[in-house]
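Chemist: just to be clear, the model below is a prediction. Sequence and coordinates:
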Amino acid sequence: DSGVTQTPKHLITATGQRVTLRCSPRSGDLSVYWYQQSLDQGLQFLIQYYNGEERAKGNILERFSAQQFPDLHSELNLSSLELGDSALYFCASSVGTGLAYEQYFGPGTRLTVT
Amino acid sequence: GIQVEQSPPDLILQEGANSTLRCNFSDSVNNLQWFHQNPWGQLINLFYIPSGTKQNGRLSATTVATERYSLLYISSSQTTDSGVYFCAVLLSNDYKLSFGAGTTVTVRA
């Protein structure tokens, strides 16, 4: 158990819908990262927050947004869902940002868009 | 961007065998991690190893940063070692981990 929690574990929804994925980092970690794992793209970085502020953006679609709250938990919002958004979404956390900080991954949320 | 290449892409082992997985990267890195993704999809941290050698039970890893590669050794493999092994690196002045495509390991009883 990495100490990073994610809910829900599984999510099945229809095209055009909106969903929210939730992540709680390990105790003491200030950075939260979101990654997407799909069959055709592999594991890709989406976005990072550090202590409530956005720090880096990767290949995140405009239909996706995220935020980190004062209690450091984070939410990833996915809207106008398409079939291609079906993937495993991971949240990771680390003590600091960048450089030499090990990232710990949560169990993931498996999203299926039908 | 940085290229992370893992080899071999697939590995089939008999229980008890030893194996070596390789990760090559194209640029200087501040962080290198090895993960095991089990059949349930969980990503499990194996090693944080930007340089040097570490051991954890039957697993060990070596990173030679100056030559831009890392090796993961699995000894006396067990069926529970099956899954996908990922190497991920973090560039200087970067925030995200860049993952390789993974090595799929199947250990047969």
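Modeler: Yep, that arrived. Numbering: from 1, shown residues only, chains lettered A, B, ... in the order given.

Chemist: quick one: the strands in chain B?
Modeler: Assigned by DSSP state E, chain B shows strands spanning B:4-7, B:10-14, B:19-25, B:29-37, B:43-48, B:52-56, B:59-64, B:69-74, B:83-91, B:98-99, B:103-108.

Chemist: excluding its backbone neighbours, what's nearest B:Gly16?
Modeler: Excluding the flanking residues, the one nearest B:Gly16 by CB to CB, 6 or more residues apart in numbering or on different chains is B:Ser76, at 5.7 Å. In short, each C-beta sits where N, CA and C put it, glycine included.

Chemist: A:Gly106: which of the strands of chain B is closest?
Modeler: In terms of CB to CB, the element of the strands of chain B nearest to A:Gly106 is strand B:43-48, at 8.4 Å.

Chemist: close to chain A, is the closest one?
Modeler: Yes - for strand B:43-48 and chain A, the contact criterion (CB under 8 Å from any CB of the partner chain) is met by B:Leu43, B:Ile44, B:Asn45, B:Tyr48.

Chemist: now, of those residues, which are buried?
Modeler: B:Leu43, B:Tyr48 (16 or more other CB atoms under 10 Å in any protein chain shown).

Chemist: I'd like to know which of the residues of strand B:43-48 next to chain A is nearest to A:Phe90.
Modeler: Once CB to CB is applied, the member of the residues of strand B:43-48 next to chain A that ends up nearest A:Phe90 is B:Leu43, at 6.4 Å.

Chemist: next up, the contacts around A:Val95.
Modeler: A:Gly28, A:Asp29, A:Leu30, A:Ser31, A:Tyr101 (CB atoms under 8 Å, 6 or more residues apart in numbering or on different chains).

Chemist: show the buried residues in the residues you listed.
Modeler: Among those, the ones that count as buried by 16+ other CB under 10 Å are A:Asp29, A:Leu30, A:Ser31, A:Tyr101.

Chemist: among those residues, which lie within strands?
Modeler: Per DSSP E, the subset of those in strands is A:Ser31.

Chemist: any chance of a markdown table for the residues of strand B:43-48 next to chain A, columns pLDDT?
Modeler: Output for the residues of strand B:43-48 next to chain A, formatted as a markdown table (pLDDT from 0 to 100):
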| residue | pLDDT |
| --- | --- |
| B:Leu43 | 94 |
| B:Ile44 | 94 |
| B:Asn45 | 95 |
| B:Tyr48 | 95 |
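
Chemist: can you name the two of the residues of strand B:43-48 next to chain A that are farthest apart?
Modeler: Within those, B:Leu43 and B:Tyr48 form the most distant pair, 13.4 Å apart (CB to CB).

Chemist: beta partners for the most centrally placed residue in chain A?
Modeler: Taking CA atoms, centre = their mean as the criterion, A:Trp34 is the residue nearest the geometric centre of chain A, at 3.1 Å. On the basis of DSSP bridges, A:Trp34 is bridged to A:Ile47, A:Cys91.
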